[in-house]
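Peer 1: predicted model follows, preceded by the sequence.
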Amino acid sequence: MIKHVGKHNQKKIAIIYRQIPDEDHMALVVYSDNLPSRVHDETMKVLESEVGQQASELADALFRTILSDGTNALTALHNGGHLKKVPTNQVIVTPTKDSTCRLDELNDIMNKIAEGGEAAQRLAEMDANRGLRNQPRDVGEPAQAPQTAGVLTDADIAQRNLDQATQMEAEANALLAEAKRLRGEADSFKPKTAKAKNVTKPKRTAKKTTA
């Protein structure tokens, strides 16, 4: 099973953001076959890497990656005009060759897992019963990947995502603290200039003239 891949209008895509902030019904994707060969190869390398597969959003892994030409991977996709907004209900996630699901349905489950409760229990029961299906029951119903040895379940991936989010939050707080320290240190090295406006000049006394 591989994350962050799917199809939109029968075209292969890499899913950069499952949901756009403040636009939960929209996703941000790139059409992988339309990418320049170098950008395509390096983007897919990030996607298939351990870092890419553990990331909750592919954008997080791309943001941390520098391409061979020295540019940031996510910035390169943006500047090249490759990032596209598409409705989540039109995206088909393809974690394996034989299983699919709609992105909006996957988002709903993943969001509920993050909150805990019935969705997490549902996935646990599906894992226990090996209930992820190869074929849909009805037309339009998404099939999900069968469990195989050594493959992470959706519940495992969700827990990893939560752990990573906690770690990233801690790292961000540490970076903010370090930035504050460096800013204070930089201020201490600034040359101090005399405040000329506060200097009181001595009054001149008129010379007496002798007749």
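Peer 2: Arrived safely, thanks for sending.
Peer 1: am I right that residue 13 sits in a strand?
Peer 2: Yes - looking at residue 13 with DSSP: H, G, I helix; E, B strand; the rest coil, it is inside a strand.
Peer 1: contacting residues for the closest residue to it other than its chain neighbours?
Peer 2: Nearest non-adjacent residue to residue 13, counting by CB to CB, 6 or more residues apart in numbering: residue 29, 4.2 Å away. (Glycine included, C-beta is placed from N, CA and C.) Residues in contact with residue 29, defined by CB atoms under 8 Å, 6 or more residues apart in numbering, are 6, 8, 13-16, 83-84, 86, 91.
Peer 1: and if we set it to 6 Å?
Peer 2: Contacts for residue 29 (CB atoms under 6 Å, 6 or more residues apart in numbering) come out as 13, 15-16, 84, 86.
Peer 1: cool, residue 83 as well?
Peer 2: Residue 83 touches 28, 77, counting by CB under 6 Å, 6+ apart.
Peer 1: for it, grab phi and psi.
Peer 2: When read as degrees, to the nearest 10, the backbone of residue 83 gives phi -80, psi 130.
Peer 1: same question for residue 81.
Peer 2: Torsion angles, degrees, to the nearest 10, at residue 81: phi 70, psi 30.
Peer 1: equivalent analysis for residue 20, please.
Peer 2: Dihedral angles (degrees, to the nearest 10) for residue 20: phi -80, psi 130.
Peer 1: wait, it touches residue 26, no?
Peer 2: Yes - with contact defined as CB atoms under 6 Å, residue 20 reaches residue 26; the gap is 4.7 Å.
Peer 1: end to end on stretch 13-24, go ahead and measure it.
Peer 2: In stretch 13-24, first residue to last residue: 18 Å (CA to CA, to the nearest Å).
Peer 1: tell me the secondary structure at residue 56.
Peer 2: Assignment for residue 56 (three-state DSSP): coil.
Peer 1: got phi/psi on it?
Peer 2: The phi/psi pair for residue 56 (degrees, to the nearest 10) is phi -70, psi -40.
Peer 1: coming back round to it: partners of the residue nearest to residue 13 in the sheet?
Peer 2: residue 15, residue 84 (DSSP bridges).
Peer 1: what lies in contact with stretch 52-72?
Peer 2: Counting by CB under 6 Å, 6+ apart, 3-4, 16-17, 42, 46, 51, 73-74, 76, 160-161 sit against stretch 52-72.
Peer 1: residue 60 in helix, strand or coil?
Peer 2: helix.
Peer 1: burial of it, as a residue count?
Peer 2: 19 (other CB atoms under 10 Å).
Peer 1: likewise for residue 114?
Peer 2: That count, for residue 114 with other CB under 10 Å as the rule, works out to 14.
Peer 1: repeat for residue 103
Peer 2: 25.
Peer 1: for the residue lying closest to it once chain neighbours are set aside, phi and psi?
Peer 2: Excluding the flanking residues, the one nearest residue 103 by CB to CB, 6+ apart is residue 91, at 3.8 Å. Dihedral angles phi and psi of residue 91 (degrees, to the nearest 10) take the values phi -100, psi 130.
Peer 1: give me the neighbour count for residue 91.
Peer 2: 24.
Peer 1: lowest confidence element among the helices and strands of this structure?
Peer 2: Sorting the helices and strands of the chain by mean pLDDT, DSSP states H and E puts helix 118-128 at the bottom, at a mean of 59.
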